[in-house]
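Trainee: Kindly generate the corresponding structure for this input.
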Amino acid sequence: MPARVEIRGTDEFRRTAAKLKAAGNGKLTREMGKRMKAAAQPAVEDAQRSVKALRTTGSRGGGGQQRREYAMSRARKKTDRAKRKAFEGRGLRSSVARAVQTQVRSGARSASVRIRTNSSRLPANHRQLPLYMNQGRWRHPVFGNRSNWVGQTVKPAEWFDRPMRRHGAKIRNRAVGVVGDINREIVS
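Mentor: I've put the predicted structure just below:
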């Protein structure tokens, strides 16, 4: 299960969502969802920065940097654009950062703001890695060779948990503020 944090317990959020649904006011419901998502955005950005800044080491040498350098040495055109494409936005950390997202649900029975790593946005063989990266270590076969395994570690561990603990109370307070604003708009 990929790492995730969910803000629950704001009964007022649930009650407001139920009122909006009963009133049939889709515009205010969408507005509340947008505001809730905006309230959680700083935590998402912090988690994305955190995962991109991880330092990874293996139990043996080698790695993506060496493969990219080799590929660039073999390329015919060594334009700046080709170099940038080879080194930016590629690799495990960037993929995981793109998969971190906010999900807002507002139903009559439950309402929540969830920040999670959406594993469906990752390649099938990487879907468990955000959890392992958060724990700080995992093992994997070398290029699929099941008789040759290596250990992988990342530092610092808890790339997801630390930003969520840091921002959790702020998100809850912002969510309560958004619900209060929407309640005032309903009454008006």
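Trainee: alpha carbons only for contacts and neighbour counts from here, please
Mentor: Will do.
Trainee: Okay, buried residues for the strand ranked longest in the chain please.
Mentor: Ranked by residue count under DSSP state E, the longest strand found in the chain is strand 145-155. Residues of strand 145-155 classed as buried by neighbour count (16 or more other C-alpha atoms under 10 Å): 152-155.
Trainee: can you dump the C-alpha coordinates of it into PDB?
Mentor: What follows is strand 145-155 as a C-alpha-only set of coordinates in PDB (Å, rounded to 0.1, in the frame of the first residue of the first chain):
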ATOM      1  CA  ASN A 145      17.900 -11.700 -12.500                       C
ATOM      2  CA  ARG A 146      16.400 -13.500  -9.500                       C
ATOM      3  CA  SER A 147      19.700 -15.100  -8.500                       C
ATOM      4  CA  ASN A 148      21.400 -11.700  -8.100                       C
ATOM      5  CA  TRP A 149      19.800  -9.400  -5.500                       C
ATOM      6  CA  VAL A 150      21.000  -6.000  -4.200                       C
ATOM      7  CA  GLY A 151      19.900  -3.800  -1.400                       C
ATOM      8  CA  GLN A 152      18.900  -0.200  -2.000                       C
ATOM      9  CA  THR A 153      18.800   2.500   0.700                       C
ATOM     10  CA  VAL A 154      17.500   6.100   0.700                       C
ATOM     11  CA  LYS A 155      18.400   8.800   3.100                       C
END
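Trainee: who touches it?
Mentor: Strand 145-155 has contacts (C-alpha atoms under 8 Å, 6 or more residues apart in numbering) with 54-60, 133, 136-142.
Trainee: Next SSE downstream of that strand?
Mentor: Downstream of strand 145-155, the first helix or strand assigned by DSSP states H and E is helix 161-187.
Trainee: Bridged to the residue most central in space within the chain, which residues?
Mentor: For the chain, the residue nearest the mean C-alpha position is residue 100 (1.5 Å; C-alpha atoms, centre = their mean). Here residue 100 sits in beta bridges with residue 117, going by DSSP bridges.
Trainee: contacting residues for residue 96?
Mentor: 48, 51, 117, 122, 130.
Trainee: Fine by me, thanks again.
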